[in-house]
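Trainee: sequence and predicted structure are below.
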Amino acid sequence: MPYRSPTSPTRVSYHAIGRRCNLVEQRLLCALRRVGDPATRVEAVALLDGLGLDADGTRAFTELVPLLPTGQAPIDLLQPGSPFIGATELDLLACVHRLSQWRRPQPRVDRDTAEVTALRSQLARCARSARDARLGLRLTALSPVGLRLLDPSAWVRT
């Protein structure tokens with residue numbers, strides 16, 4: 001009888017990641033997981049550079065990581081090498097993808113707390129960088145966390 005890992009609504013088996021994420025999304029997630037640890041930060045920056053991001057794009061994604069656990073829509077990055085992928089990690093990739101399709105995403109400053117506005121601003125920077133680098137992100141499905149981040153009333157779409 002094959003081994004079946006316990007399932008959780010917040011995590012997906014890493015074996016399923018290839019079906020959920022393309023190679024670029026996998027590498028981006030791998031890099032983001034490594035940014036927060038000083039021991040693996042250089043490796044993370046190299047991974048981001050390897051995706052074709054320019055210096056501003058790499059900086060946008062590295063500055064995004066500390067903002068992720070804040071606000072009403074926290075995004076939790078799992079540890080590097082984790083055998084799972086978190087649902088909010090999938091949301092992060094989907095948010096960057098969707099925002100990269102907008103011409104100039106800009107959060108409404110007066111709509112939310114400063115924390116959430118800062119997170120949305122950084123997501124917009126990352127989305128512009130992803131678009132400029134033509135990363136080829138494709139994830140679009142969002143959980144309630146991702147839907148809160150992309151709430152249409154919280155964004156100015158020009």
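Mentor: Done, it's in. Numbers count the residues shown, from 1 in each chain.

Trainee: mind listing what the residue sitting nearest the centre point of the chain touches?
Mentor: The C-alpha lying nearest the average C-alpha coordinate of the chain belongs to L92 (Cα atoms, centre = their mean; 3.0 Å). By Cβ atoms under 8 Å, 6 or more residues apart in numbering, the contact set of L92 is 29, 32, 68, 75, 146. For the C-beta atoms, the positions are set from N, CA and C on the backbone; glycine is no exception.

Trainee: nearest to G57 among those residues?
Mentor: When those are ranked by distance to G57 (Cβ to Cβ), L32 comes first, at 12.8 Å.

Trainee: for the particular helix or strand that has the closest one in it, packing partners?
Mentor: When elements are defined using DSSP states H and E, L32 is found to belong to helix 23-35. For helix 23-35, the helices and strands in contact under the criterion 3 or more Cβ pairs under 8 Å, 6 or more residues apart in numbering; DSSP states H and E are helix 41-50, helix 55-64, helix 87-100.

Trainee: next, the angle helix 41-50 makes with the second one.
Mentor: Orientation check (axes from the mean of the first three to the mean of the last three Cα atoms, to 10 degrees): helix 55-64 against helix 41-50 gives 130 degrees.

Trainee: count of residues packed around L77?
Mentor: Number of residues near L77 (other Cβ atoms under 10 Å) recorded here: 19.

Trainee: the helix of greatest length in the chain: which residues count as buried?
Mentor: Of all the elements of type helix in the chain, the one with the most residues (DSSP state H) is helix 114-133. Taking 16 or more other Cβ atoms under 10 Å as the neighbour-count basis, helix 114-133 is seen to contain the buried residues 116-131, 133.

Trainee: and what of stretch 26-42?
Mentor: Judged by neighbour count (16+ other Cβ under 10 Å), stretch 26-42 contains these buried residues: 26-29, 31-36, 40.

Trainee: quick check: mean pLDDT across that stretch?
Mentor: Summarised as a single mean, pLDDT over stretch 26-42 is 93.

Trainee: dump it to PDB, restricted to CA.
Mentor: Output for stretch 26-42, consisting of C-alpha atoms alone and laid out as PDB, is shown next (Å, rounded to 0.1, in the frame of the first residue of the first chain):
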ATOM      1  CA  GLN A  26       9.000  27.100  -8.600                       C
ATOM      2  CA  ARG A  27      12.300  28.900  -8.800                       C
ATOM      3  CA  LEU A  28      10.800  32.200  -7.700                       C
ATOM      4  CA  LEU A  29       9.200  30.500  -4.700                       C
ATOM      5  CA  CYS A  30      12.500  28.700  -3.900                       C
ATOM      6  CA  ALA A  31      14.300  32.100  -4.000                       C
ATOM      7  CA  LEU A  32      11.700  33.900  -1.800                       C
ATOM      8  CA  ARG A  33      11.900  31.100   0.800                       C
ATOM      9  CA  ARG A  34      15.700  31.700   1.000                       C
ATOM     10  CA  VAL A  35      15.700  35.500   1.200                       C
ATOM     11  CA  GLY A  36      14.800  35.700   4.900                       C
ATOM     12  CA  ASP A  37      17.800  33.600   6.100                       C
ATOM     13  CA  PRO A  38      21.100  35.400   6.000                       C
ATOM     14  CA  ALA A  39      22.900  32.100   5.400                       C
ATOM     15  CA  THR A  40      21.000  31.600   2.100                       C
ATOM     16  CA  ARG A  41      20.300  35.200   1.100                       C
ATOM     17  CA  VAL A  42      23.200  35.300  -1.500                       C
END
